[in-house]
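Student: how does the following fold in three dimensions:
(chains A, B, C and D)
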Protein chains: 2
Amino acid sequence: MTLLNTPAIRNIPEATVARLPVYLRALAALADQGLSICSSNDLASAAGVNPAKLRKDLSYLGSYGTRGVGYDIEYLRYHVARALGQTQDWDVVIVGVGRLGSALCAYNGFSSRGIRIAALVDSDPAKVGTKVGGLTVAPMSKLRSLVREHGVAIAVIATPGGAAQEVADALVAAGITSILNFAPAVVSVPDDVTVRKVDLSIELQILAYHEQRVRGVAG
Amino acid sequence: MTLLNTPAIRNIPEATVARLPVYLRALAALADQGLSICSSNDLASAAGVNPAKLRKDLSYLGSYGTRGVGYDIEYLRYHVARALGQTQDWDVVIVGVGRLGSALCAYNGFSSRGIRIAALVDSDPAKVGTKVGGLTVAPMSKLRSLVREHGVAIAVIATPGGAAQEVADALVAAGITSILNFAPAVVSVPDDVTVRKVDLSIELQILAYHEQRVRGVAG
DNA sequence: CCGATTTGGTGCGCACGTTCACAAACTCCT
DNA sequence: AGGAGTTTGTGAACGTGCGCACCAAATCGG
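Tutor: Down below sits the predicted model:
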């Protein structure tokens, strides 16, 4: 009934999931320093969070520390990576090979984190067939077959805002169930599809708001 | 005592501030459709949120709607933009002119949202002096004078992770008080400096986690 | 073998954010 | 003018997440 080796993979709070990759990176940094054991204090400061929050987050995955000692870095790394699903590689398709799409292709921080860029797609005929970062840009019409062929579940939208909804519809039709949207537009998808949105100008606008606040107090 | 024209500019919840730019963009889209009035339902669906949440969010800025009628789009636009500090332009300096930094330079969604890229800085001597998007790349040594000259308060870190902390220290020393960090690293800054972090691979890892969850249920 | 110390795990109270439901206010029609 | 229909604004309930503080377990030293 209860599998001791695969504890509670379920019910990890969303806020915790968002921090797990940070912990993973902090663990990698500590390992690079030659350490093999670390306390929750060490790891928390490397990850920039409260030690209590760190321990509570890790407790959702199971009990992988040793009281009085700390955490075995490699052991914990394995289990955090496992919880995030990094025991396998995830193939990703990028739609839109403009400057941002090209920058994403060239980013070399993906492969070490279980992310593999499997295909590039663009609607511009002038871009189709060109090579970007070792991959040949395919037309939108090939989307469905590419997704099926590589078993792609995750897609990135890096198009202008006006094309985002149309692209999202095509992705859903092709069988994609997770979308990372860089386009400055709200896209609506069925309930069984997850969308995360990253908007560069919104982030700057939020910072500007805070700047304005302190300016207002100052003068 | 109470200025009726500048209501409660203070005490807007953080979650609401993060949504205001989305509302602003939705308002712009509705205006482009030739509309001059919209209900909270219209605006909420354009912004992809719950109507009740939208109304509560807007209520933090003041009462800019008319019961029984809806919101005057241009009037509301002005007041949301004002709350976000878009009555003035904000100069931004980008540190790191790699592929991501270049992509940011070329992004034309900034200028219409009160964001102006004022300067580019890079530590690579081979890049210093080259022109990217109409701006000449300056060396790190010019950072302080550039910040002072343009009155820059907001900076973007688009360097590799290893350089992020060093760059952040230099930015703080130059007088920057808001930082948008794209580098895959945790940077620590004094309490009076705001840092927002955008991490491309973390977003994909979160999506991979959710994919893994549904996969686990399926098989 | 025992106690002092270190360190992970967790229950509980607080604060924040979200949602609901309703009162207030405006328009329109008769 | 007045009532019916809309739509905003907001008080209150609910749920989630965060952080403190305490408990449990393992190590070290004598």
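Student: what parts of chain A come near DNA strand C?
Tutor: Contact residues, chain A versus DNA strand C (Cβ under 7 Å from any atom of the strand): A:38-41, A:51-52, A:55-56, A:58-59, A:63-71. Backbone N, C-alpha and C define where each C-beta goes, glycine included.
Student: same thing but 10 Å
Tutor: A:8, A:37-44, A:51-71, A:76 (Cβ under 10 Å from any atom of the strand).
Student: filter those down to the buried ones, PyMOL style.
Tutor: Only the buried entries of the residues of chain A next to DNA strand C go into this PyMOL selection, using 16 or more other Cβ atoms under 10 Å in any protein chain shown:
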select buried, chain A and resi 37+38+40+42+43+44+54+57+58+60+61+62+64+65+70+71+76
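Student: now do the strands in chain A.
Tutor: Per DSSP state E, chain A carries strands over the ranges A:37-38, A:65-66, A:70-72, A:90-95, A:115-121, A:131-132, A:135-138, A:154-157, A:178-181, A:194-197.
Student: what's the most buried one of these?
Tutor: Across the strands of chain A, averaging neighbours per residue (mean count of other Cβ atoms under 10 Å in any protein chain shown) puts strand A:154-157 on top, at a mean of 26.
Student: name the strands paired with that one and say parallel or antiparallel.
Tutor: The strands that strand A:154-157 pairs with in its sheet are strand A:90-95 (parallel), strand A:178-181 (parallel) (by DSSP bridges).
Student: for chain A, which residue gets nearest to DNA strand D?
Tutor: A:Gly68 (2.9 Å; Cβ to the nearest atom of the strand).
Student: kindly provide the distance from that residue to A:Ile37.
Tutor: Distance, A:Gly68 to A:Ile37, using Cβ to Cβ, to the nearest Å: 11 Å.
Student: can you put the strands paired with strand A:154-157 in a markdown table and add mean pLDDT?
Tutor: Listed next are the strands paired with strand A:154-157 as a markdown table, based on pLDDT from 0 to 100:
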| stretch | mean pLDDT |
| --- | --- |
| strand A:90-95 | 98 |
| strand A:178-181 | 98 |
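Student: ok, back up a step: mind putting the strands of chain A into CSV with distance to DNA strand D?
Tutor: Output for these, formatted as CSV (distance: least, Cβ to the nearest atom of the strand, whole Å):
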stretch, distance to DNA strand D
strand A:37-38, 11
strand A:65-66, 5
strand A:70-72, 10
strand A:90-95, 23
strand A:115-121, 24
strand A:131-132, 37
strand A:135-138, 36
strand A:154-157, 22
strand A:178-181, 18
strand A:194-197, 15
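Student: okay, the ones you listed in CSV with distance to B:Val186 next?
Tutor: CSV is the format used below for the strands of chain A (distance: least, Cβ to Cβ, whole Å):
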stretch, distance to B:Val186
strand A:37-38, 15
strand A:65-66, 21
strand A:70-72, 18
strand A:90-95, 24
strand A:115-121, 20
strand A:131-132, 30
strand A:135-138, 31
strand A:154-157, 24
strand A:178-181, 21
strand A:194-197, 20
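Student: B:Thr159: which of the ones you listed is closest?
Tutor: With distances scored as Cβ to Cβ, the stretch of the strands of chain A nearest to B:Thr159 is strand A:115-121 (20.6 Å).
Student: how about stretch A:194-214 as CSV, C-alpha atoms only?
Tutor: What follows is stretch A:194-214, C-alpha atoms only, in CSV (Å, rounded to 0.1, in the frame of the first residue of the first chain):
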residue,chain,number,x,y,z
THR,A,194,-0.7,24.8,-17.8
VAL,A,195,0.5,28.3,-18.8
ARG,A,196,3.3,30.3,-17.1
LYS,A,197,3.9,33.8,-18.2
VAL,A,198,7.1,35.8,-18.2
ASP,A,199,6.8,39.4,-19.2
LEU,A,200,9.9,41.5,-19.4
SER,A,201,8.3,44.9,-19.5
ILE,A,202,5.9,44.0,-16.6
GLU,A,203,8.8,43.2,-14.4
LEU,A,204,10.3,46.6,-15.1
GLN,A,205,7.0,48.3,-14.6
ILE,A,206,6.8,46.7,-11.2
LEU,A,207,10.2,48.0,-10.3
ALA,A,208,9.3,51.4,-11.6
TYR,A,209,6.3,51.4,-9.3
HIS,A,210,8.5,50.8,-6.2
GLU,A,211,10.9,53.5,-7.4
GLN,A,212,8.1,55.9,-7.7
ARG,A,213,6.9,55.1,-4.2
VAL,A,214,10.2,55.9,-2.6
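Student: list the contacts of A:Ser39.
Tutor: Residues near A:Ser39 by Cβ atoms under 8 Å, 6 or more residues apart in numbering or on different chains: A:Gly70, A:Tyr71.
Student: show residues contacting the helix or strand of chain A with the lowest mean pLDDT.
Tutor: The weakest-scoring helix or strand in chain A, judged by mean pLDDT, DSSP states H and E, is helix A:200-218 (a mean of 90). For helix A:200-218, contacts defined as Cβ under 8 Å, 6+ apart pick out A:182, A:184, B:9-10, B:17-18, B:20-22, B:83-86, B:90, B:92, B:104, B:107, B:109-110, B:113-115, B:153-154, B:156, B:177-180, B:194, B:196, B:198.
Student: and stretch A:56-69, by the same measure?
Tutor: Here stretch A:56-69 has contacts from A:7-8, A:11-13, A:16, A:19-20, A:23, A:37, A:40, A:55, A:71-72, A:75-76, A:79-80, A:83, using Cβ under 8 Å, 6+ apart.
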